[in-house]
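>>> no sequence on this one, just coordinates:
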């Protein structure tokens, strides 16, 4: 069965600003993409944002909130409830007894009386949500699904990346620039006219080579695997949404792309919105679709096949091909 992206919506930063790292008694101003007005969001504030995003996407898709009991939700993040914990500490409040992403999943489960599947696979969390939503729809276990990715600023993650020497020290310097983001994707078995976006194939691959870096062989295998699964040649691909995290792997990534997909237009998202970690699968897909929809309004639609891939710490990698027409 064909699976379509019926609607999408996202929240991300408009521009690169700053956050202050605090290590060893020193304050360092680092570039950061702030999407939300408050420095730390509580769980209640996150819930309101999630509900707003869900209901806006439902409206775009032409789906009713009353249908939610029949629409499974796939929820991906790396931050879990850490931002809420830090907000509580700042307000001298007691910490929660549960810290996992399942706390937020349980809230959505009760709020919408539906199944919620929580995924925590590092930077591919919401991307893996797309993977499993696709499988559920394709096998007929559901007719519609929502994939949600969210990432809020939390000092634990920010300082951890800084301590590993991974963060860019200036806006144009080498390294990762993190960012906040929230997105929702509505997938279904029906096409959304006049803009049709079909998930032709989705594939995942585990990279066992390195816990915190990517393997060239794994990326080659991932791209080859998804092309084979989609029954396409490299020359069939119109554009590719690249990883381009800003780290040491970027040069190797470009070598591989020049080798396998030398003539493809590249969409590099993180330079515009930052690396939204576990939310990036949903956020970057919604961003890409928006760019393609804008192009169809101002010029002939860039119809064709688009490859997206996402790489994560721990080796959980995923890719898909979308057909736009």
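Yep, that arrived. The structure presented is a predicted model; accordingly, all values stated were derived computationally and were not measured.

>>> can you list the weak-confidence ranges in this protein?
210-213, 295-301 (pLDDT under 70).

>>> okay, domains of it per the record?
Residue ranges for the domains of the chain, per automatic domain parsing: 3-188, 197-324.

>>> could you dump the ones you listed into TSV with mean neighbour count added?
All C-beta spots, glycine's among them, are computed from the backbone N, C-alpha and C. Listed next are the domains of the chain as TSV, based on neighbours: other CB atoms under 10 Å:
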stretch	mean neighbour count
domain 3-188	19
domain 197-324	19
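
>>> for the chain, just list every one of the strands.
3-12, 17-23, 26-32, 73-76, 116-119, 144-151, 181-188, 197-206, 237-241, 265-267, 304-310, 316-324 (DSSP state E).

>>> summarise which helices and strands the fifth one is packed against.
Secondary structure elements in contact with strand 116-119, counted by 3 or more CB pairs under 8 Å, 6 or more residues apart in numbering; DSSP states H and E, are strand 73-76, helix 102-112, helix 125-138.

>>> identify the residues contacting it?
With contacts defined as CB atoms under 8 Å, 6 or more residues apart in numbering, strand 116-119 is touched by 72-76, 100-102, 104-106, 108-109, 125-126, 128-129, 132.

>>> check the fourth one too.
Counting by CB under 8 Å, 6+ apart, the neighbours of strand 73-76 from elsewhere in the structure are 101, 104-105, 108-109, 112, 114-121, 124-130, 132-133, 145-150, 278-279, 281-282.

>>> in contact with the closest residue to residue 309 other than its chain neighbours, which residues are there?
Once flanking residues are discounted, residue 309 sits nearest to residue 319: 3.7 Å by CB to CB, 6 or more residues apart in numbering. By CB under 8 Å, 6+ apart, the contact list for residue 319 reads 202-205, 222-223, 225-226, 307-310.

>>> let's go with 7 Å and repeat that
203, 222-223, 226, 307-309 (CB atoms under 7 Å, 6 or more residues apart in numbering).

>>> same check on residue 200?
Applying CB under 7 Å, 6+ apart, we find residue 200 in contact with 230, 305, 321-323.

>>> residue 196 now?
Applying CB under 7 Å, 6+ apart to residue 196 gives the contacts 4, 325.
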